[in-house]
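**Q** I'd like to go over a predicted model; first the sequence, then the structure.
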Amino acid sequence: MNEPDFIAALRALPLHPGARGLMDDCAVLEIGSETLVITHDKMAEGTHFRPDADMADVAWKLVATNLSDLAAKGAEPVGVLLGHMLGRDDARFLEGLRAVLEAFDTPLLGGDTIAAAGPRALGLTAIGRATFTPVPARSGAQAGDGVYITGPVGRAMLGFEGDPAHRAAFDRPVPRLAEGRALAPLVSAMMDVSDGLLLDAFRMAEASGVTLALDPAAIPAADPTRFDACIRWGDDYELLFTAPSAALPHPAHRIGTVAPRGPEPLLLGDNPLSDPATLGYRHG
């Protein structure tokens, strides 16, 4: 199975209402007077990090990417659960883990540690507390809304390729937690850009039942000469959102408009985009 097929099969299983039909990056659970936001991401050696990567950077990225999902829900981190596979440079991993937890005021709640042969796979569950309800989702974009992104795309790609000006964007991304909390009361839909701007915009359009019409000239690319790669590569962890008002609490780039659903869910200028397999990163 590829990733979309497997997720489609999961949707046939018994789902909690908080799973949001597996159409979002987080589960949302109402417990008493609190609304909890829960997410889980994994990183695999050779796919998400190089075999010779600094394990301190790997630890940082593992936590930061999960916190980015919480940011897209306007949530405040409560803590994380770590699934760790022992291997080289575990002491460096712990150094990076301490640094990222302290940087984002997020305590460790527990987890599990194993030893096994083969490439390493690491997992993390992040738990957050909603600061605004209803919690933003990928769905909810309405015709007439503006489409916005909090920052440029392509920086992680350039950092992965060795550009020193952008190396930190790939090794140690910064989740937009403050921006997410400020935007949550104002957005109609919001998610983070992890798999490429085009693919994630396609997913938002599909979840919302609309067409997102993006203006190529308005999209901020870290390297305009490689615009096409920048909007597809991913790992940017900026927030992509739709909102009815231009009065926003944080600076953001308006990159398009939400239109009623047309023949295709995504337009890039005059070009309709219909095949998600060509738009960004997917597993399998």
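**A** That came through fine. Residues are numbered from 1 along each chain as shown.

**Q** residue ranges with poor pLDDT in this structure?
**A** 282-284 (pLDDT under 70).

**Q** Report the central residue of it.
**A** With distances taken as Cα atoms, centre = their mean, residue 192 lies nearest the centre of the chain, 3.5 Å away.

**Q** what's across from that residue in the sheet?
**A** residue 239 (DSSP bridges).

**Q** Who are the contact partners of it?
**A** Taking Cβ atoms under 8 Å, 6 or more residues apart in numbering, we find residue 192 in contact with 25, 68, 69, 71, 72, 175, 176, 200, 237, 238, 239, 240. For the C-beta atoms, the positions are set from N, CA and C on the backbone; glycine is no exception.

**Q** Go again with 10 Å.
**A** 25, 65, 67-73, 150, 173, 175-176, 180, 200, 236-241 (Cβ atoms under 10 Å, 6 or more residues apart in numbering).

**Q** Quick check on these: which are buried?
**A** The neighbour count (16 or more other Cβ atoms under 10 Å) marks 25, 65, 67-73, 150, 173, 175-176, 180, 200, 236-241 as buried among the contacts of residue 192.

**Q** Now that residue 26 has come up, it's in contact with residue 180, right?
**A** No: using Cβ atoms under 10 Å, residue 26 is not in contact with residue 180; the gap is 11.4 Å.

**Q** Compute the distance between residue 22 and residue 274, please.
**A** With the distance defined as Cβ to Cβ, to the nearest Å, residue 22 ends up 22 Å from residue 274.

**Q** Next, residue 63: phi, psi?
**A** Dihedral angles of residue 63 (phi, psi; degrees, to the nearest 10) stand at phi -70, psi -50.

**Q** Quick check, it in contact with residue 105.
**A** No: if you go by Cβ under 10 Å, residue 63 and residue 105 don't touch, sitting 11.8 Å apart.

**Q** Can you give the domain ranges for this protein?
**A** In the assignment given by automatic domain parsing, the structural domains of the chain cover 3-130, 146-278.

**Q** Can you give the distance of the longest one from its chain's centre?
**A** The chain centre lies 10 Å from the centre of domain 146-278; the measure is Cα atoms, centre = their mean, to the nearest Å.

**Q** same check, this time on stretch 136-154
**A** The answer for stretch 136-154 is 13 Å, by Cα atoms, centre = their mean.

**Q** Can you tell me how far the residue of the chain positioned farthest from its centre is from residue 78?
**A** Most distant residue from the mean C-alpha position of the chain: residue 117, 29.6 Å away (Cα atoms, centre = their mean). Distance from residue 117 to residue 78, counting by Cβ to Cβ: 34 Å.

**Q** For residue 252, which non-adjacent residue is closest in space?
**A** residue 148 (4.2 Å; Cβ to Cβ, 6 or more residues apart in numbering).

**Q** next one: residue 194
**A** Nearest non-adjacent residue to residue 194 (Cβ to Cβ, 6+ apart): residue 234, at 5.9 Å.

**Q** got the contact list for that neighbour?
**A** Going by Cβ under 10 Å, 6+ apart, residue 234 touches 153-154, 156-157, 193-200, 280-282.
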